[in-house]
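[1] pasting the sequence and the predicted coordinates here, then a few questions.
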Amino acid sequence: MIRFDDVSKTYDGQRRAALKNVDLEIEKGEFVFLVGQSGSGKSTFLRLVLREYRPTRGRIFVAGREVNRLHNWKIPGLRRQIGTVFQDFRLLPGKTVHENVAFALQVIGRSRKDIRQLVPETLELVGLEGKGDRLPEELSGGEQQRVAIARAFVNRPRILIADEPTGNLDPATSVGIMKLLDRINRTGATVVMATHDSSIVDQMRKRVVQLADGVVVRDQVKGVYGYQ
Ligand SMILES: Nc1ncnc2c1ncn2[C@@H]1O[C@H](COP(=O)(O)OP(=O)(O)OP(=O)(O)O)[C@@H](O)[C@H]1O
């Protein structure tokens, strides 16, 4: 589903590469934790998958497309296959839960009929049934992250990218969010999650890819966080 062939990325004006000679294959339906110290290249990896940047060298394949060769007009089609969730939720503040999730479908031109069906179905999946009329500021942090996950997943993307999704949440709430990501993964979606949350990684026992200074230094099946 995602393949990096000898990928390096050096940002403009930087001498040091943010990613160096990364070879990595993530199969359809896998759940992968990306770990590593701050600055090790985790976000850079995720941004290359989304084609927010192009690699300096190497080839990247995502959902059957070679992303560095995509014409600009094909990038929205790529991103439609990828849901994204961030530490800071990024919800639209003046809009209800239902509107926040519906908006993700409106911008890609889905019909009102689809929206009427998919939004409540997805809110139920994330455990927010009955809360569609609330505003984000009327929700707890964990609930806001559930809305963000519903928005990322309402279009049933093949890949879900999560960058520190539990970074702003307490441990108990984080466990709930991880159960939800696990449930989404079990529907067949490929999940790639960058995290500093060692207890979550140790509990979940999924594949762990560790970066250090832009290099993959560990790729472990049913792995652990494994460093301080
Ligand atoms: N837009 C940018 N321009 C220049 N350098 C950047 C840019 N984004 C990241 N970098 C650099 O690239 C390296 C990797 O950063 P990256 O954000 O990928 O690390 P990270 O592992 O996600 O860190 P964190 O855990 O703090 O989010 C760092 O040295 C960082 O300073």
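    Happy to help now that I have it. Numbering: from 1, shown residues only.

[2] mind listing the strands for the protein?
    2-9, 19-26, 31-35, 57-62, 65-66, 82-86, 159-163, 190-194, 207-212, 215-220 (DSSP state E).

[3] redo those strands as a markdown table? Include distance to Val201, mean neighbour count and mean pLDDT.
    From N, CA and C alone the C-beta is placed, and that goes for glycine too. Shown next, in a markdown table, are these (distance: least, CB to CB, whole Å; neighbours: other CB atoms under 10 Å; pLDDT from 0 to 100):
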| stretch | distance to Val201 | mean neighbour count | mean pLDDT |
| --- | --- | --- | --- |
| strand 2-9 | 19 | 19 | 98 |
| strand 19-26 | 16 | 18 | 98 |
| strand 31-35 | 5 | 23 | 98 |
| strand 57-62 | 24 | 18 | 98 |
| strand 65-66 | 29 | 14 | 96 |
| strand 82-86 | 17 | 22 | 97 |
| strand 159-163 | 13 | 23 | 98 |
| strand 190-194 | 9 | 24 | 98 |
| strand 207-212 | 6 | 20 | 98 |
| strand 215-220 | 10 | 16 | 98 |
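
[4] tell me which of the ones you listed lies nearest to Leu135.
    Closest to Leu135 of the strands of the chain is strand 82-86 (CB to CB; 19.3 Å).

[5] run the chain-centre distance for the closest one.
    Relative to its chain's centre, strand 82-86 lies at 4 Å (CA atoms, centre = their mean, to the nearest Å).

[6] picking that back up, columns distance to Lys95 on top of the strands of the chain, output as JSON lines?
    Below are those laid out as JSON lines (distance: least, CB to CB, whole Å):
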{"stretch": "strand 2-9", "distance to Lys95": "31"}
{"stretch": "strand 19-26", "distance to Lys95": "33"}
{"stretch": "strand 31-35", "distance to Lys95": "30"}
{"stretch": "strand 57-62", "distance to Lys95": "29"}
{"stretch": "strand 65-66", "distance to Lys95": "32"}
{"stretch": "strand 82-86", "distance to Lys95": "17"}
{"stretch": "strand 159-163", "distance to Lys95": "22"}
{"stretch": "strand 190-194", "distance to Lys95": "26"}
{"stretch": "strand 207-212", "distance to Lys95": "36"}
{"stretch": "strand 215-220", "distance to Lys95": "40"}
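
[7] relative to Arg146, which of those strands is closest?
    strand 82-86 (10.1 Å).

[8] ok, Lys179 - how many residues close by?
    12 (other CB atoms under 10 Å).

[9] state the distance from Glu137 to the ligand.
    The gap separating Glu137 from the ligand is 26 Å, by CB to the nearest ligand atom, to the nearest Å.

[10] specify the beta-bridge partners of the residue positioned nearest the centre of the chain.
    Nearest residue to the geometric centre of the chain (CA atoms, centre = their mean): Ile161, 1.3 Å. For Ile161, the beta-bridge partners under DSSP bridges are Thr84, Val192.

[11] for it, give me its contacts.
    Residues near Ile161 by CB atoms under 8 Å, 6 or more residues apart in numbering: 46, 49-50, 82-85, 192-193.

[12] so what secondary structure elements neighbour the longest helix along the chain?
    Counting residues, the longest helix in the chain under DSSP state H turns out to be helix 171-186. The contact analysis (3 or more CB pairs under 8 Å, 6 or more residues apart in numbering; DSSP states H and E) places helix 171-186 against strand 31-35, helix 141-153, strand 159-163, strand 190-194, helix 198-204.

[13] many thanks, I have nothing further to ask.
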